[in-house]
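S.K.: predicted model and sequence follow; I will ask about them next.
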Amino acid sequence: QVQLVESGGGLVQAGDSLRLSCTASGRTFIASVMVWFRQAPGKEREFVAGINGKNNTYFTDSVKGRFTISRDNAKNTVYLQANSLKPEDTAVYYCAAASRFSNFVSASAVAYDYWGQGTQVTVSS
């Protein structure tokens, strides 16, 4: 059974940083696309960042220059380093992975087969 478990969320002040982690178990995602989405109250789930098997990274415009995504294949873990956090970054952050081996990072949630339970990030002003 495949599981993705996120951690690292919390309550921080504007300008602070957090590092979110997502550890996979049940299969390896070394060559797979892994992504982070987020969902704020009353809003749709939106793509935040993604990384493919070649370690190419992609970000939504609102987090470019502030967030980075990386992976540790030995630990089957993907990280989201979120710096210079803003109140509008407040959301539940989810990691997801595709079951197929592909280097295409889709910004659509339907492209991903496995999802974590989410971790809350709250940024106060």
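M.R.: Here it is on my side, so go on.
S.K.: leaving out chain neighbours, which residue sits closest to residue 71?
M.R.: Leaving aside its sequence neighbours, residue 71 sits nearest to residue 78 (CB to CB, 6 or more residues apart in numbering; 4.6 Å). Just so you know, the C-beta spots here come from the backbone N, C-alpha and C atoms, and that holds for glycine as well.
S.K.: and the one you found, what's its pLDDT?
M.R.: In this model, residue 78 is scored at 96, pLDDT.
S.K.: before we move on, what about residue 44?
M.R.: 96.
S.K.: ditto for residue 11
M.R.: Residue 11 is assigned 98 on the pLDDT scale.
S.K.: now residue 26
M.R.: Listed pLDDT for residue 26 reads 85.
S.K.: residues in contact with the residue nearest to residue 77 when sequence neighbours are not counted?
M.R.: Leaving aside its sequence neighbours, residue 77 sits nearest to residue 23 (CB to CB, 6+ apart; 4.6 Å). When contacts are counted by CB atoms under 8 Å, 6 or more residues apart in numbering, residue 23 touches 4, 5, 7, 75, 76, 77.
S.K.: can you tell me the SS state at residue 23?
M.R.: Here residue 23 is recorded as strand under DSSP: H, G, I helix; E, B strand; the rest coil.
S.K.: mind listing the residues bridging to it?
M.R.: residue 5, residue 77 (DSSP bridges).
S.K.: which residues of this protein fall in strands?
M.R.: For the chain, applying DSSP state E gives strands covering 3-7, 10-13, 18-25, 34-39, 46-51, 57-59, 67-72, 77-82, 91-97, 114-115, 119-124.
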